[in-house]
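Have a look at this prediction, sequence included:
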Amino acid sequence: MEEKVTTLTLRKFKKEGRKIVALTAYDFPTAKILDNCGIDMILVGDSLGMVVLGYQSTIPVTMEDMIHHTKAVSRAVNRAFVVADMPFMSYHISKEQTMANAARLIAEGGAHAVKLEGGEEIASIVKTIVDAGIPVVGHLGLTPQSVHQLGGYKVQGKEKEKAKKIFNDAKVLEQAGICALVLESIPMELAKDIAENISVPTIGIGAGPYCDGQILVTHDMLGITQGHRPKFVKQYADIEKIMIEGINAYIKEVQQGLFPDEEHSFTLEKRENK
């Protein structure tokens, strides 16, 4: 088995030009499969709010939600670098609360790093967390916790001034000490410019092919998510179809009395007659 992925491993991959492969997980069995497949980074994203909890956005997700799901994922992982999202308003109210929340995701949740959304406005918070010994992953571009402020789930950085701000934010976050940077839904030219001008690895989602790595929501790329699928998602399997076929077959066999059969049942021990 390959060595455990750390912040140093991620930097090494960038230096060597080896693409970092990342996916999301919110539970033990999924994380176990991803880790066994050799995924480098597993994100316990606050996307769990929409993907597995049924919310319309990530905003209702709480610290307790994040800790609960991060615990499950971290128990399953041996090699991958586990990153946990700090949910909405968990790093905005006070320095003390921010530090306590970040520490909980590491100590209780078992994560190896925390992820924060935002640029220059959170740089001092990032530095404080990093200085305390907790690795931080940044997140720029489309930042779902700010979806109302951004006017919806739209590509960011298309205009020159907005692109310049995202680029500058990336440099500021690098100086603050992030170990990696997620770039979401931005033009691939901008992502390329950022990747070539910062020392930490960039992980793209809807940011084109020039990032140092890629991440997708596992439920999206496996065809489990119902409804709208973003343009940047490539579906690699149709697990929903497989689940429907299996469930319908089970329903039919139970209703027809075909399951359970003798093979899947138990019998009394046979006693010898005296």
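Received, thanks.

Would you mind measuring from the spatially most central residue of the chain to Ala180?
The chain has Leu43 as the residue nearest its centroid, 2.7 Å off, counting by CA atoms, centre = their mean. Distance of Leu43 to Ala180, given as CB to CB, to the nearest Å: 10 Å. To be clear about C-beta, it is placed using only N, CA and C from the backbone, and glycine gets the same treatment.

Common neighbours of those two, please.
Common neighbours of Leu43 and Ala180, using CB atoms under 8 Å, 6 or more residues apart in numbering, are Val83.

just checking, what packs against the helix or strand encompassing Ile106?
Under the criterion of DSSP states H and E, Ile106 resides in helix 95-107. Where contact means 3 or more CB pairs under 8 Å, 6 or more residues apart in numbering; DSSP states H and E, helix 95-107 is packed against helix 63-76, strand 113-117, helix 123-131.

Mind listing the strands the second one pairs with, and their directions?
To tie it back to what came earlier, the one meant is strand 113-117. strand 81-85 (parallel), strand 136-141 (parallel) (DSSP bridges).

Present those strands as a markdown table; the columns should include mean pLDDT.
Putting the strands paired with strand 113-117 into a markdown table (pLDDT from 0 to 100) gives the following:
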| stretch | mean pLDDT |
| --- | --- |
| strand 81-85 | 98 |
| strand 136-141 | 98 |
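
Save the ones you listed as a markdown table, and put in distance to His219 and mean neighbour count too.
Output for the strands paired with strand 113-117, formatted as a markdown table (distance: least, CB to CB, whole Å; neighbours: other CB atoms under 10 Å):
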| stretch | distance to His219 | mean neighbour count |
| --- | --- | --- |
| strand 81-85 | 16 | 27 |
| strand 136-141 | 19 | 28 |
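
I'd like those laid out as CSV, including distance to Gly208.
Shown next, in CSV, are these (distance: least, CB to CB, whole Å):
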stretch, distance to Gly208
strand 81-85, 21
strand 136-141, 11
